[in-house]
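Participant: The following comprises the amino acid sequence and a computationally predicted model.
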Amino acid sequence: MIIEFTTKEAANYIRTNNAIKEQFLKDLDPDASLKERTYPIIIPFMPIAFDPTSQQNREVLEDENGWKKDSILTACWIKLVEKRTSTQQVAHILITLTDSMAANMAICDGIMFGQLKLWPKKNQHEPMRYAKCQHYGHIARECISHTDTCTNCGNNHCTSDCTARDKQYCTTCESDEHPSWSQDCPTFQKKCEDTDK
């Protein structure tokens, strides 16, 4: 459930006054909890010397960039550490911030890590596309398609069984300009915009 207050002051009052917050949650439901809004960003090419599990490392990153204390709620590498190459020096990291201003500043102005300037991006959510029919917005149990649709050629077979590697067809656009999996697909791009609103 999302509860939206009519003013920022009212939301801050509940958020910052522990006794009021506890009573509010108890009156709402004994099992209720308050989840703050968060702002996930992806920082490409972060040096692997940064340890996201270290509170001290996170505090240094907050301090270097002028963020409020405890602005970093979580931080984790996107790819598992075990899957890195032996010579890898940088990796992509997902950082969840509790402060919208810090997230906006990071995306617009970049961040500093030591002497490096890094350029975070908003964590974009991709729309759900069902792999059987290649259409958006539903899951397996809701799909009315009885056959698989190839992501490459658009015919009724599994993509792994496709022999028409030189043919492409997008089932959502009904276009032979690109395959269904293409990130250049106008339908995909529109769905991404709608998902991130």
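Facilitator: All right, it came through fine. Model, not experiment: these values are computed from the prediction.
Participant: ok, so what distance separates the spatially most central residue of the chain from residue 107?
Facilitator: Nearest to the mean C-alpha position of the chain, counting by C-alpha atoms, centre = their mean, stands residue 123 at 3.7 Å. Distance of residue 123 to residue 107, given as C-beta to C-beta, to the nearest Å: 10 Å. In this view, the C-beta of every residue, glycine as well, is placed from N, C-alpha and C.
Participant: Now for the two: what residues contact both?
Facilitator: Shared contacts of residue 123 and residue 107 (C-beta atoms under 8 Å, 6 or more residues apart in numbering): residue 41.
Participant: now the residue of the chain most remote from its centre, what's its secondary structure?
Facilitator: The centre of the chain is farthest from one residue, residue 163, which by C-alpha atoms, centre = their mean lies 34.4 Å away. Following DSSP: H, G, I helix; E, B strand; the rest coil, residue 163 is assigned to coil.
Participant: Would you map the helices across this protein?
Facilitator: All helices of the chain, identified by DSSP state H, fall at 8-16, 18-28, 55-64, 100-109, 186-195.
Participant: With adjacent residues omitted, what lies nearest to residue 75?
Facilitator: Distances taken as C-beta to C-beta, 6 or more residues apart in numbering place residue 52 nearest to residue 75, at 3.6 Å, with adjacent residues excluded.
Participant: remind me which residues of this protein are low pLDDT?
Facilitator: Applying pLDDT under 70 to the chain picks out residues 196-197.
Participant: Would you mind confirming that residue 182 is in contact with residue 189?
Facilitator: No: using C-beta atoms under 8 Å, residue 182 is not in contact with residue 189, being 9.8 Å away.
Participant: Of the two, which one has the most company?
Facilitator: residue 182 (17 against 13; other C-beta atoms under 10 Å).
Participant: So what does the more buried one have for phi and psi?
Facilitator: For residue 182, the backbone dihedrals are phi -70, psi 140 (criterion: degrees, to the nearest 10).
Participant: quick one, what contacts it?
Facilitator: So residue 182 contacts 170, 188 (C-beta under 8 Å, 6+ apart).
Participant: quick one, what contacts the closest residue in space to residue 69 that isn't next to it in sequence?
Facilitator: Closest residue to residue 69 apart from its sequence neighbours, by C-beta to C-beta, 6+ apart: residue 62 at 6.4 Å. Residues in contact with residue 62 (C-beta under 8 Å, 6+ apart) are 68-72.
Participant: CSV for the residues you listed, including distance to residue 58 and neighbour count?
Facilitator: Converted to CSV, these look like this (distance: C-beta to C-beta, whole Å; neighbours: other C-beta atoms under 10 Å):
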residue, distance to residue 58, neighbour count
68, 12, 12
69, 10, 9
70, 9, 12
71, 9, 22
72, 5, 22
